[in-house]
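In: dropping a prediction and its sequence here:
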Amino acid sequence: MKKLGNPKSFSKTIFSLAFFTMFALGVSAQEAVAAAAPAAVAAAPATGSGDPVKGKELFNTNCAACHKLDAKMTGPALRGVGDKYDKEWLYKWIKNSSDLIKSGDAKAVKVYEEFAKANMTAFPQLSNGDIDNIIAYTMEVAPAAETPDPKKSVDPDSGDGVSNNLILGVLAFVLGILVFMLVTVKRLLKNVIESKGLEVAEAPKGLPFWKAFVKNQFLMVVTAILFLLISAYFMYGYFMQIGVDKGYEPIQPIHYSHKIHAGENGIDCKYCHSSARVSKNAGIPSLNVCMNCHKNIAEFQGSKDSTYVEYTKEFYTGEIQKLYDAVGWDKATQKYTGKTKPVKWVRIHNLPDFVYFNHSQHVTVGGIECQKCHGKVESFEVMKQDQPLTMGWCINCHRETNVKVEDNGYYKKIHEQLSKKLGVDKLTAAQMGGLECGKCHY
Ligand code: HEC
Ligand code: HEC
Ligand code: HEC
Ligand code: HEC
Ligand code: HEC
Ligand code: HEC
């Protein structure tokens, strides 16, 4: 008797076809959304001759102490100031406003009176090109109001929910049609087979998987052993972790981002952790150090090429405000109010009291980079402990790391003697005595 293929395999083909179509559609829909995004960014208006990116930099260093784009501070809000005055007037004003006022220029006198005769600094050092750049920056359109939610929603539907819903709807529709076709074809095939009186090959019937498994003694024993081994492995790992705080990442009173400071703005670690070079502790900078810059940086702008996916600009600006509250700085009057409340940073790295660790020994004498022991700090949005800080960790590095002797007055002599004695070219920290208990334990 003639045998036909199992119709089930046919329906499988259709199902996988349907699945594949859905997948392909999904991918192309995502691509479409992604392609649409840069187009929207590029739609910013032309701002004349200046370069707004350079202008922003100039603005932040020279003008931000007294001006904001959208709010009055010591001076007026500057957004759109290029429309208010002509270029020549602006060149004169910015280079030396008091000269312009003295010359009796009507517009200049009017602003001067309006601002209670406060004096604006003269900027003779700025070229016309610089001023063009600043004006280009002030002419940028204000960003659309963002959600006040500090954490941006990670929901991929947000923003273009309508189009995504549409795509989902179309997908569901296509899928529905496919399923309908499948059922119809299957019924049709069955009818054909029955009408011809043919026999359909049955799929071979076996024991269900779990029954076969339970019946097989050998498999059971092997599985049990495997299970025990794996749990022992994890138990061991767990017990070895007690007291090890690798990955510890507490929430700090001010959301201070190393990524933004040390990464994007390239501030040197030792600018803030200055004692790392000369003393045992690296230390946390006092808030006065922060104010060296933040007297002038009241508002978070962010760099153009960065995507702040996790937090909004409003959130960051709010965090700078927390710094102001802590040091008692009134950004409207640009004066200290005298009302301070100390910030209590949560300590992250903490060796037990019986261990002696010295930063200058490693950073200055050993020439070891901070990143070796603290990870890629310049990419941390939130500070965390990157390394285990166990005894094994210290010892391993002492065994592996050669002491830098070039240009190192500390070691010239001892290195010559020791390497002769041990008959080696290079000395590791361990060979210099870095494994002696007393060096690390009081
Ligand atoms: C020390 C504070 C201070 C600094 C720094 C400062 N300004 Fe001003 N600016 C003022 C004050 C105050 C006024 C209001 C006029 C007056 O009283 O002289 C003003 C007015 C202006 C005006 C006129 C705005 C209007 O709407 O009439 C412009 C334009 C301007 N500043 C641009 C700049 C630029 C550009 C910089 C940076 C290169 C800058 N200012 C830096 C204090 C400052
Ligand atoms: C603008 C100042 C500043 C700069 C620059 C800076 N830090 Fe920090 N750092 C801080 C502040 C403030 C804290 C405390 C808040 C925190 O833990 O996030 C801190 C905390 C730390 C900690 C954790 C301290 C603890 O509690 O155990 C380490 C480690 C650290 N910084 C390393 C670095 C390294 C490495 C760099 C350079 C890549 C760097 N920092 C650059 C200000 C700075
Ligand atoms: C050398 C200059 C400098 C110093 C010192 C400095 N900052 Fe900043 N800070 C910046 C710059 C630049 C930005 C980014 C501004 C922008 O992109 O608009 C910033 C942004 C911030 C922000 C918003 C982004 C974030 O990290 O959450 C906070 C909050 C902040 N600083 C707090 C501090 C604190 C606290 C200190 C002292 C421990 C400090 N800053 C020291 C330059 C500095
Ligand atoms: C050889 C490894 C190593 C290097 C290199 C190193 N650190 Fe540390 N750091 C540590 C250890 C270990 C601790 C914990 C110290 C303790 O608890 O006494 C620590 C603690 C800190 C702390 C917390 C505050 C303190 O002083 O205890 C800061 C901040 C810090 N390091 C910053 C830095 C900076 C910035 C550099 C680079 C200039 C650096 N570290 C280089 C191992 C290192
Ligand atoms: C990244 C590698 C590295 C790590 C991690 C490290 N060390 Fe070191 N350590 C060195 C080197 C290199 C020297 C030799 C520096 C020198 O004196 O020239 C050194 C020197 C020392 C010395 C002085 C030894 C002597 O002969 O005088 C002490 C003490 C010490 N380390 C303690 C520690 C402790 C405690 C830890 C762990 C918390 C640690 N170190 C982690 C690399 C490391
Ligand atoms: C390079 C530095 C270093 C040297 C050398 C060193 N230790 Fe340690 N030791 C440490 C650190 C760091 C810890 C803390 C580990 C932790 O907190 O998990 C520690 C912890 C210990 C502990 C407590 C047990 C524990 O895990 O908390 C004992 C005991 C100890 N060390 C004994 C010794 C003896 C004995 C020697 C000499 C053979 C020695 N150590 C040499 C760095 C060192």
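Out: Now that the structure is in, tell me what you want to look at. Numbers count the residues shown, from 1 in each chain. Ligands and ions are numbered 1, 2, ... in the order given.
In: all contacts plus neighbour counts: C-alpha atoms, from now on.
Out: Will do.
In: low pLDDT regions in the protein?
Out: 1-48, 143-164, 199-206, 239-244, 303-309, 404-416, 418-425 (pLDDT under 70).
In: quick one, phi/psi of the residue most central in space within it?
Out: Residue closest to the mean C-alpha point of the chain, counted by C-alpha atoms, centre = their mean, is E381 at 5.0 Å. With angles defined as degrees, to the nearest 10, E381 sits at phi -70, psi -40.
In: my guess is it meets K259, correct?
Out: Yes: at 5.1 Å, E381 counts as touching K259 under the criterion of C-alpha atoms under 8 Å.
In: hmm, back to that, show me what contacts the residue nearest to the centre of the chain?
Out: Y256, S257, H258, K259, I260 (C-alpha atoms under 8 Å, 6 or more residues apart in numbering).
In: repeat that for 6 Å
Out: By C-alpha atoms under 6 Å, 6 or more residues apart in numbering, E381 lies in contact with S257, H258, K259.
In: check contacts around the first one.
Out: The reference is to S257. Residues in contact with S257 (C-alpha under 6 Å, 6+ apart) are E381, V382.
In: now do the last one
Out: Taking C-alpha under 6 Å, 6+ apart as the contact definition, K259 lies against E378, S379, F380, E381.
In: the contacts of E381: which ones sit near ligand 4?
Out: Contacts with ligand 4 are made by none of the contacts of E381, judged by C-alpha under 6 Å from any ligand atom.
In: ligand 3: which of these is nearest?
Out: Each of the contacts of E381 was checked against ligand 3 using C-alpha to the nearest ligand atom; the closest is S257, at 3.6 Å.
In: up against ligand 1, what does the stretch 201-350 of the chain have?
Out: So the stretch 201-350 of the chain never meets ligand 1 (C-alpha under 6 Å from any ligand atom).
In: and stretch 310-326, how far from the chain's centre?
Out: 16 Å (C-alpha atoms, centre = their mean, to the nearest Å).
In: err, stretch 428-435, not the other one
Out: Counting by C-alpha atoms, centre = their mean, stretch 428-435 comes out at 38 Å from the chain centroid.
In: start to end distance for that stretch?
Out: 10 Å (C-alpha to C-alpha, to the nearest Å).
In: and that stretch, does that touch ligand 6?
Out: Yes: using C-alpha under 6 Å from any ligand atom, we find that stretch 428-435 touches ligand 6 at G434, L435.
In: quick one: the helices in the stretch 201-350 of the chain?
Out: Here the stretch 201-350 of the chain has its helices, by DSSP state H, counting those that start in this stretch, at 209-215, 217-240, 258, 269-272, 287-294, 313-327.
In: following the second one, which helix or strand shows up next?
Out: Yep, that's helix 217-240 we're talking about. helix 258 (DSSP states H and E).
In: distance between that next one and the chain's centre?
Out: Helix 258 has its C-alpha centroid displaced from the chain centroid by 9 Å (C-alpha atoms, centre = their mean).
In: got the residues of this protein near ligand 2?
Out: Residues of the chain lying near ligand 2 (C-alpha under 6 Å from any ligand atom): 256, 261-262, 267-269, 271-272, 284-285, 345, 347-349, 370-371, 374, 377-378, 383.
In: buried ones from those, can you make that a PyMOL selection?
Out: For the buried members of the residues of the chain next to ligand 2, the matching PyMOL selection, counting by 16 or more other C-alpha atoms under 10 Å, is:
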select buried, resi 256+261+262+269+272+370+374+377+378+383
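In: measure R187 to ligand 2 for me?
Out: To ligand 2, R187 is 67 Å away according to C-alpha to the nearest ligand atom, to the nearest Å.
In: what about that residue, neighbour count?
Out: By other C-alpha atoms under 10 Å, 12 other residues sit near R187.
In: does it sit in a helix, a strand or a coil?
Out: helix (DSSP: H, G, I helix; E, B strand; the rest coil).
In: follow-up on the earlier one: in TSV: the helices of the stretch 201-350 of the chain, plus distance to P250.
Out: Shown next, in TSV, are the helices of the stretch 201-350 of the chain (distance: least, C-alpha to C-alpha, whole Å):
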stretch	distance to P250
helix 209-215	46
helix 217-240	21
helix 258	14
helix 269-272	20
helix 287-294	20
helix 313-327	16
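In: rebuild those helices as JSON lines, extending it with distance to ligand 3.
Out: As requested, the helices of the stretch 201-350 of the chain are exported to JSON lines (distance: least, C-alpha to the nearest ligand atom, whole Å):
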{"stretch": "helix 209-215", "distance to ligand 3": "55"}
{"stretch": "helix 217-240", "distance to ligand 3": "34"}
{"stretch": "helix 258", "distance to ligand 3": "7"}
{"stretch": "helix 269-272", "distance to ligand 3": "7"}
{"stretch": "helix 287-294", "distance to ligand 3": "3"}
{"stretch": "helix 313-327", "distance to ligand 3": "4"}
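In: to ligand 6, which of those helices lies closest?
Out: helix 217-240 (9.1 Å).
In: now what about the closest one, what contacts it?
Out: So helix 217-240 is contacted by nothing (C-alpha under 6 Å, 6+ apart).
In: one more time with 7 Å
Out: Identification of contacts with helix 217-240 by C-alpha atoms under 7 Å, 6 or more residues apart in numbering yields F213, V214.
In: check whether it contacts ligand 6.
Out: No: Helix 217-240 does not reach ligand 6 (C-alpha under 6 Å from any ligand atom); its nearest approach is 9.1 Å.
In: quick one: distance of that helix to the chain centre.
Out: Taking mean C-alpha positions (C-alpha atoms, centre = their mean), helix 217-240 and its chain are 38 Å apart.
In: got it, and stretch 128-136?
Out: Using C-alpha atoms, centre = their mean, the offset of stretch 128-136 from its chain centre is 31 Å.
In: now it: buried residues?
Out: N128, D130, I131, D132, N133, I134, I135, A136.
In: and the contacts of it?
Out: Here stretch 128-136 makes contact (C-alpha under 7 Å, 6+ apart) with 47-52, 54-56, 58-59, 82, 91.
In: what number of residues lie near the nearest residue to E299 once chain neighbours are set aside?
Out: In space, and not counting its chain neighbours, E299 is closest to T317: 5.1 Å by C-alpha to C-alpha, 6 or more residues apart in numbering. Taking other C-alpha under 10 Å as the criterion, the count of residues near T317 is 16.
In: now do the one 10 residues further on
Out: For V327, the tally of surrounding residues (other C-alpha under 10 Å) stands at 21.
In: quick check: phi and psi at the nearest residue to it once chain neighbours are set aside.
Out: Leaving aside its sequence neighbours, V327 sits nearest to T340 (C-alpha to C-alpha, 6+ apart; 4.9 Å). Torsion angles at T340 (phi, psi; degrees, to the nearest 10) stand at phi -120, psi 150.
In: if I look at T340, how far off is A65?
Out: 21 Å.
In: looking at the two, which one has more neighbours?
Out: Set T340 next to A65 and count neighbours by other C-alpha under 10 Å: A65 wins out with 20 against 14.
In: thought the more buried one was touching N296?
Out: Yes: assessed by C-alpha atoms under 7 Å, A65 is found in contact with N296 at 4.7 Å.
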